[in-house]
Structures are given as C-alpha cells and as structure tokens.
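Chemist: Show me how the following folds:
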Amino acid sequence: MLRCSAIIVTYNSGASIGSCLEALAREDCEVVLVDNASHDETVARVEEFVAWHPVHLVANSENLGFAAAVNQGARERSGDVLLVLNPDAIAEPGAVKALLQCLETSGAVAVGGALLDDDGQPARGFAFRRLPSLASLLCEVMLVNQLWPHNSVNRSYRCLDADYSQQQAVEQPAGACLAVTRAAWESVGGFDEQFFPVWFEDVDLCKRLRENGGKIIYCPAARFRHSGGHSVGQLPFRDKQMFWYGNMLRYARKYFSSGQVATLRAGIIAGMLLRSLAALFGARQAPLGETISAYWTVVRSARTRR
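Modeler: The predicted model follows:
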C-alpha cells in the first residue's frame, strides 16, 4: 500500500483545523502542518492535538505563501504520495484510502477528491476544471461568466455538464484536495513559488504534470466536506484583485503566446473598466472608494507588466 503524507498549510485557521485533523486521525496517513505565521489560535490548537495524535508542525515566522509552504511540507516527509489538503477540507471515513487506491489502480500521477458543498453534493464547477484557455479567461475577466454563466465556454471550462458520480480523467482538480505521487511531484519540481501568495499554483502544477505525460483522475469515492474560501476570504479586497489577476497573467506568460498575453491583458483592463462602472451603480463587494481603487490598481498593473 502506498504511504501517504498529508500536507496542510494554515493561516489563521484556528476555527477549522481541529475538524480537519480529527478526520485525518482516522485515516492511515501521516500529517505535516505548515503554519504561515498565523496570529490567531491555530498553532495552539495544533499543539493541543499533537498531545494525543502525531502531527509534524512547522511554524513559519512569516507568510511564505501557499506554494512555498506546501513545498516546505513535502521536504519534511517522505511518503510515496503527497496529499495537499486545505484546513477546511474534512475527510469522510475512508477518503484517503480511496485516493490511494485510485492512484494504484488507474496508473495516474495525481488524483483529486470529491469536494462536497454544504448540501453534500459535489462542488460542481470547482472540484475539477479544464486547464484555462485564452477564451475561458477572457470570459471570466470581461464579466461574460457573471452575466451569462451557462455560456458554452464556461460550461466547458468548469465541466458543468460532467457526471460527478463517475471516476474520470480530468485536467485540473482543485488544489484544496490533490494527491500527487512523490515521483511525479519531484519530476516537475513541486509548486512554482512565483505564484504568491495563492491562486494558479495548482493549475500550473497540473499543466506541468500533463505536459510531462502524467494522467490525472477525479475520484468520487474520496469524499471531503469543504467550506471553501477559508484563507482567501481573509485578504483585503484590493489584495484579492491584485493576486488573482497578477497570477492569472503570470500563468498566461508561461503558457500563452505573446499575442495571447497581450489580448488577455487588454481583456483585464476592459473588464476592470466595466467593473468600475458597475460599482458606481451598486454592484460591488466593498465600499465604493475601495472598490474603484482596487480595480484601477489592477488596470495600472496590467498595463505595465510584461
């Protein structure tokens, strides 16, 4: 049987980490937890848990970002399989075993689990997706998906018509629950730490695994309850915009042609202008001044980055 090392990265995760660790304690899987300089009770909660069940805790003095912290955790343990798991992803009984069995029987180099919404149903459109294309990213940045979520490009990109009850080959499972063989992980060098602090590092990893000839599978038998948005929900609105669009462009520069990158950059700028206009009429997630400032910061960044 493959040996599993679960890697959990925390940042102010005190409210959720206990349930995550308790669920993993029932699974045959060692755990390494890397804390990215939390300033809540996360580390204390983990230390309490360690008193009755082994967890290898690495407490960073600064926030290294998700990718760097996962790479750090991978170096700490030597399991045949690395299970990257968010602190708000709670394994149902037998979930880790199902992931390992899927890896062994399918010949895949990576497996994603079934991430479940509050109603117990798979998170359709999130649990797995296709790798992003220029068209799918343009639909996202230019408000097409918000105004017309069931357009054909978005349905294809988010796999909205897939049968989530069936095991199947996929392009990019969510990084909230992603098991990768140690050999495949090391062959591509793990996560690219330039995707800081979060977003697109999992997309980039799956892209490189596939380019290296690896097969990736979705395993519906591996069920994890997932609340979602745990860490990114703590970011200020402006930072969310900067990190999301900045890492999107970083991904595009790695894999798209220069003309495609220029087109995406223009689409981001156009989308920010549309969002600024919509914010004036009340469609905003933050106070008006903060919203407009965040959008125009993205515009300036998109115009100057090459």
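
Chemist: what ranges do the helices span in the stretch 1-150 of the chain?
Modeler: 17-25, 42-50, 66-76, 95-106, 134-141, 144-147 (DSSP state H, counting those that start in this stretch).

Chemist: Can I get these in TSV including distance to F243?
Modeler: For the C-beta atoms, the positions are set from N, CA and C on the backbone; glycine is no exception. Shown next, in TSV, are these (distance: least, Cβ to Cβ, whole Å):
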stretch	distance to F243
helix 17-25	23
helix 42-50	21
helix 66-76	11
helix 95-106	29
helix 134-141	14
helix 144-147	19
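
Chemist: With Y255 as the reference, name the closest of those.
Modeler: helix 134-141 (10.0 Å; Cβ to Cβ).

Chemist: Would you indicate which residues of that closest one are buried?
Modeler: Counting neighbours by 16 or more other Cβ atoms under 10 Å, one finds that the buried residues in helix 134-141 are L134, S136, L137, L138, C139, E140, V141.

Chemist: ok, now stretch 83-100?
Modeler: Quick answer for stretch 83-100 (16+ other Cβ under 10 Å): 83-92, 95-100.

Chemist: Tabulate the helices of the stretch 1-150 of the chain in TSV, adding columns for mean pLDDT and distance to S257.
Modeler: What follows is these, written out as TSV (pLDDT from 0 to 100; distance: least, Cβ to Cβ, whole Å):
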stretch	mean pLDDT	distance to S257
helix 17-25	97	41
helix 42-50	96	43
helix 66-76	98	25
helix 95-106	97	33
helix 134-141	98	9
helix 144-147	95	22
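
Chemist: The spatially most central residue of the chain: what secondary structure?
Modeler: The centroid of the chain falls nearest to G175 when counting by Cα atoms, centre = their mean (3.6 Å). Secondary structure, DSSP: H, G, I helix; E, B strand; the rest coil: G175 is coil.

Chemist: do the same with I217
Modeler: Under three-state DSSP, I217 falls in the strand class.

Chemist: No further questions, thank you.
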